[in-house]
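Q: Using only what follows, build the 3D model:
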Amino acid sequence: MILITGALVLNEVRSSLVNARKDSLSELSRLISSYITDGATIDDPPGLDLTAVIEQLTAIPLSDATRIRVHDAQGEIVADTRLLKDKIDRKDLPEIREPNWIEQTWLDLVRTANRTFESATGRQGIAEARSLEQEIAMALEDKDGFSERFNEQADRVLSVTVPIRKVARVVGGLTIETNDISQIIAAERAALVPLIIFAVLVSLLTAALLTLGIARPLRKLAIASDRVAAGAAERLNLGALHDRKDEIGDLSRAMEEMTTSLYDRIQENERFAADVAHELKNPLTSIRSAVETQQTLHDPAMKEKMANVIARDVVRLDRLITDISNLSRLEAEIVREKLVRVDFGRLLEDIVSIYRDTARETDPRVVLVNQGGGALEVKGREGPLGQVIRNLVENARSFSPPRGQVTVTLSRVTTARGPVIRMIVEDEGPGIPPDKLEKIFQRFYTDRPAGAKFGNNSGLGLSIVRQITETHRGTVWAENRMIDEKIVGARFIVELPAAQLDI
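A: Sure, this is the predicted structure:
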């Protein structure tokens with residue numbers, strides 16, 4: 001960009017110089033033409049007084065870069081200041097050759113860039129290239145001619161040719177040339193050398209900084225990632241990259257956390273697979289033992305007892321497989337489904353009404369207490385949130401006595417994390433051992449009280465509740481209901497962030 005800017009600036013300077021020089025040469029040529037018309041023309045017939053023309057040109061002070069030529073009405077040169085002042089420079093002309101394809105391509109590119117720049121800036125182009133004969137012909141037709149060309153000494157010159165008039169008749173032409181533009185442009189190009197050196201140094205410095213500060217750390221990060229992908233390492237170990245305070249450091253820490261989370265998830269899945277195998281093996285072992293025992297018995301009562309054991313283990317196995325399937329399905333749904341606004345109050349009322357309508361006489365009653373009023377909305381997924389409600393209610397019912405009561409309370413409260421929707425599920429069961437209030441949320445953990453029906457709990461329900469709740473940026477915990485320092489039941493509290501109002 002520095003080099004391009006410098007080239008455009010040089011082009012602008014050159015264009016401005018040429019236009020300014022054109023105006024000054026045009027003004028000078030008109031003054032000299034008037035001077036010749038007044039003192040070096042004759043009336044009959046109208047024409048030029050060659051002696052007077054030479055005297056006048058000789059008297060005009062000119063710089064070495066400026067040359068004046070006078071032409072008669074036939075276009076022939078009648079006076080030349082370079083010849084009059086005996087300042088004929090002799091030097092070898094450059095060899096005439098055709099430009100090669102590289103030079104021609106570069107010339108086309110420069111011309112295209114000039115035209116584009118001049119079109120964008122609204123400036124007129126630099127002088128057209130005309131020969132001296134073309135300029136003289138224009139002057140004899142009473143027109144001003146201006147061009148940029150190379151003279152016979154191979155110098156780049158600016159040339160202005162104006163007609164010399166006697167009354168209304170053109171009696172000759174006056175040409176003024178100057179080659180000082182080349183020197184000025186050469187000086188401007190020389191002034192660009194420091195700019196070019198500075199641009200190259202900046203480019204080298206930038207490349208070095210990019211390599212040292214970005215490319216090499218990213219390469220190191222890629223190598224470490226490849227080692228993890230290939231199994232050569234379990235976790236990323238990026239060393240100093242972790243402590244950087246820039247975006248590379250942020251990326252390094254994010255990737256370390258990501259690989260740590262993936263590693264923990266893999267270990268968790270491995271533990272889950274081992275737990276599933278263990279939990280499935282228990283009822284299968286019991287069924288196998290009962291079947292083998294039944295085959296050796298002859299007492300019908302004992303055979304019926306073994307059949308009941310088998311049926312009970314089948315129910316337990318079915319419940320276990322169902323919960324494992326639900327857990328896998330919910331994990332997939334949580335990943336695929338998008339978050340939407342869910343009316344948690346309406347969802348809770350629908351689920352509680354199902355329990356209320358389908359309850360048998362001896363089943364615990366499910367009672368809903370809505371303390372929120374109005375719409376209690378959360379941002380989440382309706383299917384998994386419904387699973388949270390069902391699991392907590394089912395858990396409370398399974399530990400409640402017959403004809404007991406499960407109370408579900410819904411409210412909107414403000415916490416340190418902001419407004420939340422709070423759901424409390426309370427039962428009248430034996431409560432939870434104080435040292436197990438956190439452990440009950442682990443997978444496959446069950447702690448059935450005496451007399452509880454076998455096979456109703458797989459140990460996955462509360463684990464599913466916590467997983468779904470945390471996925472929705474909420475929290476869940478358990479505590480005991482106390483009256484006079486006596487446990488009278490369990491209480492589960494779920495808090496989910498309230499959906500913000502649309503503005």
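
Q: which one is residue 241 nearest to, not counting chain neighbours?
A: In space, and not counting its chain neighbours, residue 241 is closest to residue 252: 4.1 Å by C-beta to C-beta, 6 or more residues apart in numbering. Quick note: C-beta positions are derived from backbone N, CA and C, even for glycine.

Q: Surely that neighbour is within a helix?
A: Yes - membership of residue 252 in a helix is supported by DSSP: H, G, I helix; E, B strand; the rest coil.

Q: how close does it sit to residue 75?
A: Applying C-beta to C-beta, to the nearest Å, the value for residue 252 to residue 75 is 81 Å.

Q: Same check on residue 395?
A: With C-beta to C-beta as the criterion, residue 395 and residue 75 are 114 Å apart.

Q: Tell me which of those two has more neighbours.
A: residue 395 (23 against 14; other C-beta atoms under 10 Å).

Q: what's the nearest residue to that one if we skip its chain neighbours?
A: residue 461 (5.5 Å).

Q: thinking again about what came up before, I'd like to know how many residues surround the residue nearest to residue 241.
A: Residue 252: 24 neighbours (other C-beta under 10 Å).

Q: was I right about it contacting residue 246?
A: No - contact criterion C-beta atoms under 8 Å: residue 252 and residue 246 do not qualify, at 10.0 Å.

Q: What's the end-to-end length of stretch 353-366?
A: 9 Å (C-alpha to C-alpha, to the nearest Å).

Q: That one - what's its average pLDDT?
A: Here stretch 353-366 scores 88 as its mean pLDDT.

Q: now swap in stretch 41-54 and tell me
A: Stretch 41-54 shows an average pLDDT of 83 in the prediction.

Q: do stretch 229-240 as well
A: pLDDT averaged over stretch 229-240 gives 70.

Q: same question, stretch 291-301
A: 84.

Q: how far out from the middle of the chain is it?
A: Between the centre of stretch 291-301 and the centre of its host chain there is 72 Å, according to C-alpha atoms, centre = their mean, to the nearest Å.

Q: Pull out the buried residues from that stretch.
A: residue 294 (16 or more other C-beta atoms under 10 Å).

Q: Not counting it itself, show me its contacts.
A: By C-beta atoms under 8 Å, 6 or more residues apart in numbering, the residues outside stretch 291-301 that reach it are 302-303, 306-307, 310.

Q: Can you find the helix or strand in this structure with the smallest mean pLDDT?
A: Counting by mean pLDDT, DSSP states H and E, the chain has its least confident helix or strand at helix 101-121, which shows a mean of 66.

Q: thinking again about what came up before, in ChimeraX, select just the buried ones from the contacts of stretch 291-301.
A: Restricted to buried positions by 16+ other C-beta under 10 Å, the ChimeraX selection for those reads:
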select :306,310
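
Q: the strands in this protein, which residues?
A: For the chain, the strands defined by DSSP state E cover 41-43, 46-48, 66-72, 77-80, 145-150, 156-166, 169-178, 340-343, 365-370, 377-380, 405-415, 418-426, 475-483, 486-497.

Q: Save these as TSV, and put in mean neighbour count and distance to residue 218 too.
A: Below are the strands of the chain laid out as TSV (neighbours: other C-beta atoms under 10 Å; distance: least, C-beta to C-beta, whole Å):
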stretch	mean neighbour count	distance to residue 218
strand 41-43	13	81
strand 46-48	18	80
strand 66-72	21	62
strand 77-80	17	70
strand 145-150	18	52
strand 156-166	22	51
strand 169-178	22	58
strand 340-343	16	38
strand 365-370	15	55
strand 377-380	21	36
strand 405-415	17	42
strand 418-426	19	38
strand 475-483	15	38
strand 486-497	19	36
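
Q: what would those strands look like in CSV with distance to residue 27?
A: Listed next are those as CSV, based on distance: least, C-beta to C-beta, whole Å:
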stretch, distance to residue 27
strand 41-43, 21
strand 46-48, 22
strand 66-72, 13
strand 77-80, 21
strand 145-150, 12
strand 156-166, 9
strand 169-178, 10
strand 340-343, 79
strand 365-370, 95
strand 377-380, 78
strand 405-415, 84
strand 418-426, 79
strand 475-483, 88
strand 486-497, 80
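
Q: For residue 104, find the nearest of those.
A: Minimum separation from residue 104 across the strands of the chain (C-beta to C-beta) falls at strand 145-150, 17.6 Å.

Q: Parallel or antiparallel, which strands does the closest one pair with?
A: For strand 145-150, the paired strands and their directions (DSSP bridges) are strand 156-166 (antiparallel).

Q: which residues in this structure form helices?
A: Along the chain, counting by DSSP state H, helices occupy 2-39, 50-59, 81-84, 101-121, 132-140, 180-210, 216-230, 247-296, 300-336, 344-358, 382-399, 461-471.

Q: shaky segments in the stretch 51-200 of the chain?
A: Segments of the stretch 51-200 of the chain classed as low confidence (criterion: pLDDT under 70) are 85-97, 99, 103, 106-107, 110-111, 113-128, 181-182, 184-186, 188-189.

Q: wait, which of the helices of the chain is closest to residue 416?
A: helix 461-471 (17.6 Å).

Q: Pull the distance from the closest one to the chain's centre.
A: With C-alpha atoms, centre = their mean, you get 35 Å for helix 461-471.

Q: For that helix, name the packing helices and strands.
A: With contacts taken as 3 or more C-beta pairs under 8 Å, 6 or more residues apart in numbering; DSSP states H and E, helix 461-471 sits against helix 300-336, helix 382-399, strand 475-483, strand 486-497.

Q: thinking again about what came up before, nearest to residue 433, out of the helices of the chain?
A: helix 382-399 (12.6 Å).

Q: tally of neighbours for the residue nearest to residue 55 when sequence neighbours are not counted?
A: Closest residue to residue 55 apart from its sequence neighbours, by C-beta to C-beta, 6+ apart: residue 40 at 7.8 Å. Neighbourhood size, residue 40 [other C-beta under 10 Å]: 22.

Q: residue contacts, residue 40?
A: 48-49, 52-53, 55-56.

Q: Sketch out the low-pLDDT regions of the stretch 251-400 of the chain for me.
A: 327, 330-337, 373-374.

Q: What about residue 268, how many residues nearby?
A: Residue 268 - counted by other C-beta under 10 Å - has 11 other residues nearby.

Q: Between the two ends of stretch 479-488, how far is it?
A: By C-alpha to C-alpha, one end of stretch 479-488 lies 11 Å from the other end.

Q: Point to the residue nearest the middle of this structure.
A: For the chain, residue 247 is the residue whose C-alpha lies nearest the centre (C-alpha atoms, centre = their mean; 13.6 Å).
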